[in-house]
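Undergrad: Provided below for reference: sequence and predicted model.
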Amino acid sequence: MLKRAWYWGAVPLALTLALPAAAAGQGLEVFGYATIDYVDVEGEPQTFDAHNLNLVVLGKLLDDLFVAGEVEYEHGGDEIALEYGYLAFRRWRHVNITAGKFIVPFGRFNQDHPAWISRVPGRPNGFARVLPATYNDVGVIVGGGLPVGHLSRVTYDLWWVNGLAGEDGADIRAMRDNLEDVDGNKFVGGRLAYISRIGVNVGVSYQTGTYD
């Protein structure tokens, strides 16, 4: 029998944490969001699921050096992971350099997947199994943008990361957590996008590499 799953209440809950005055003076920000699901799968008991609670820290270390990190607690704390943690150097207007663990911008959905950005309870079919999503990796990324005409712009991202790793025929979702490069084969990729003045975002992403 085909199972049907319904998800209700996938609404982000904004969390605001008070910071000491000294921390705020250093440019430190702490905030978070949460998603609570009500799951009704045919043939199984209905249940609430504390899908995720995410805590985010952003800080300015020097004039041009920033730090960002996000810790995710999934399913009531059964799974705890570092969503991203990186240093970003932003001295130049059109060039940003980031190093650490970051969300790879392969496809726009990767960057927009948090519940407080994406307003739908699920993921596009292409990002469920075909493409790696949500896809975090460790490496270096260079990105930025240039204005085009009135209020439109072109953005670019170029990255060099550990890449995917897994057995032949493995589910691509199971190949993502190559936080320490186990095969020595780095992946390189890029994304070029055009954002119109009314917010339409059209882009193309490419990534290549070998895995064992």
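TA: Here it is on my side, so go on. Numbers count the residues shown, from 1 in each chain.

Undergrad: is the residue nearest the centre of the chain bridged to anything, and to what?
TA: The centroid of the chain falls nearest to Ile103 when counting by Cα atoms, centre = their mean (3.9 Å). Taking DSSP bridges, one obtains Asn136 as the residues bridged to Ile103.

Undergrad: how much space separates it from Ser196?
TA: Relative to Ser196, Ile103 is positioned 23 Å away (Cβ to Cβ, to the nearest Å). C-betas here are computed from N, CA, C, even on glycine.

Undergrad: and for Glu180?
TA: 40 Å.

Undergrad: who has more neighbours out of these two?
TA: A direct count of neighbours by other Cβ atoms under 10 Å for Glu180 and Ser196 places Ser196 higher, at 13 against 8.

Undergrad: residues touching the more buried one, list them.
TA: Ser152 (Cβ atoms under 8 Å, 6 or more residues apart in numbering).

Undergrad: domain assignment for this structure?
TA: 1-85, 92-212 (automatic domain parsing).

Undergrad: mean confidence score for the first one?
TA: Regarding domain 1-85, the rounded mean pLDDT is 75.

Undergrad: likewise for the longest one?
TA: Regarding domain 92-212, the rounded mean pLDDT is 84.

Undergrad: so how far is it from its chain's centroid?
TA: Distance, stretch centre to chain centre, for domain 92-212: 8 Å (Cα atoms, centre = their mean, to the nearest Å).

Undergrad: Gln207 - nearest residue in space that isn't next to it in sequence?
TA: Gly189 (3.2 Å; Cβ to Cβ, 6 or more residues apart in numbering).

Undergrad: dig out what that neighbour forms beta bridges with.
TA: Residues in beta-bridge contact with Gly189 (DSSP bridges): Trp159, Gln207.

Undergrad: is it correct that it is in contact with Phe106?
TA: Yes. Gly189 lies in contact with Phe106 (Cβ atoms under 8 Å); the separation is 6.2 Å.

Undergrad: overlap in contacts of those two?
TA: 205, 207.

Undergrad: burial count for Thr47?
TA: 10.

Undergrad: need the contact list for it.
TA: 38-39.

Undergrad: that one pairs with what?
TA: Val39.

Undergrad: residues near Asp78, how many?
TA: 8.

Undergrad: same for whatever helix or strand Gly32 lives in, what does it pack against?
TA: Per DSSP states H and E: Gly32 is located in strand 29-41. If contacts are counted by 3 or more Cβ pairs under 8 Å, 6 or more residues apart in numbering; DSSP states H and E, strand 29-41 sits against strand 5-8, strand 15-16, strand 47-60.

Undergrad: turn the ones you listed into a markdown table, including distance to Gly203.
TA: Compiled in a markdown table, the helices and strands packed on strand 29-41 are given as follows (distance: least, Cβ to Cβ, whole Å):
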| stretch | distance to Gly203 |
| --- | --- |
| strand 5-8 | 28 |
| strand 15-16 | 31 |
| strand 47-60 | 25 |
